[in-house]
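Q: next one to model:
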Amino acid sequence: MHPSNVRVQEALDAAGVSADVRKLPESTHTAAAAAEALGCEIGAIANSLVFMADAAAILVMSSGAAKVNTDLLAYVIGVGEVRRATPEEVRAATGFPIGGVAPVGHPASLPTWIDVDLEQFPEIWAAGGTPDSIVGLTYGGLLTATGGTPTRVR
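A: Down below sits the predicted model:
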C-alpha cells in the first residue's frame, strides 16, 4: 500500500472508525470517475475540497452532486472570504495531491465542514490518499473520523 494510504488507514483506525482504504484499478480523481468505478450515485461520493477561509485552510467534505456555495460557506463559518485553495495550498495543508485528498491523515488537524446532503446515503466514498484509492464509510463515521461540523454547502 502507498504510504499515503497507510497514513489514512492509521488515522481511521486511531479514530475508531471501521473502514478500509482500498486501491482501485484506475484513477478516480473526479467524483464522476469514482461513482462510475464504484457503481454508486455521484451524490454518495464525498469530495474532499480544500478552501482558504480568509488566510486559513479548511476542509469541506461535499456530496459529489453539490457545488459548494463559497458565499454561503463564508457566512456559515463566520469569515470574510472563502476561495478554492491552489494545488500548492492543498498539498501543504493536507499532504495529498488534488484528486487524492482524504478526509483524514493530514499533517495537522483542519477545521472540517461536512455536507449534510451526504447523510442520506448508507455508505459514502471518500478518497484514500491517492487518486486511485477510496474508502467507504458511513456519514457518522466521517463525522467521527474528521471531528467535522455538519453544514449545508449549497
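
Q: residue ranges with poor pLDDT in this protein?
A: 29 (pLDDT under 70).

Q: mind listing what's buried in the longest helix along it?
A: In the chain, assigned by DSSP state H, the helix with the most residues is helix 3-14. If you call a residue buried by 16 or more other Cβ atoms under 10 Å, then helix 3-14 has these buried ones: 4-5, 7-9, 11-12. Where C-beta positions appear, they are placed from N, C-alpha and C, glycine not excepted.

Q: just these now: which is nearest residue 87?
A: Residue 87 has its nearest neighbour among these in residue 4, at 15.7 Å by Cβ to Cβ.

Q: who's in contact with the residue in the chain sticking out farthest from the centre?
A: For the chain, the largest distance from the centre (Cα atoms, centre = their mean) belongs to residue 80, which lies 22.9 Å off. Contacts here follow Cβ atoms under 8 Å, 6 or more residues apart in numbering; on that basis residue 80 touches 54, 74.

Q: in the chain, which spans are helices?
A: 3-14, 31-38, 70-77, 87-94, 139-146.

Q: so of those helices, which one's packed in deepest?
A: Of the helices of the chain, the one with the most neighbours on average (mean count of other Cβ atoms under 10 Å) is helix 139-146, at a mean of 20.
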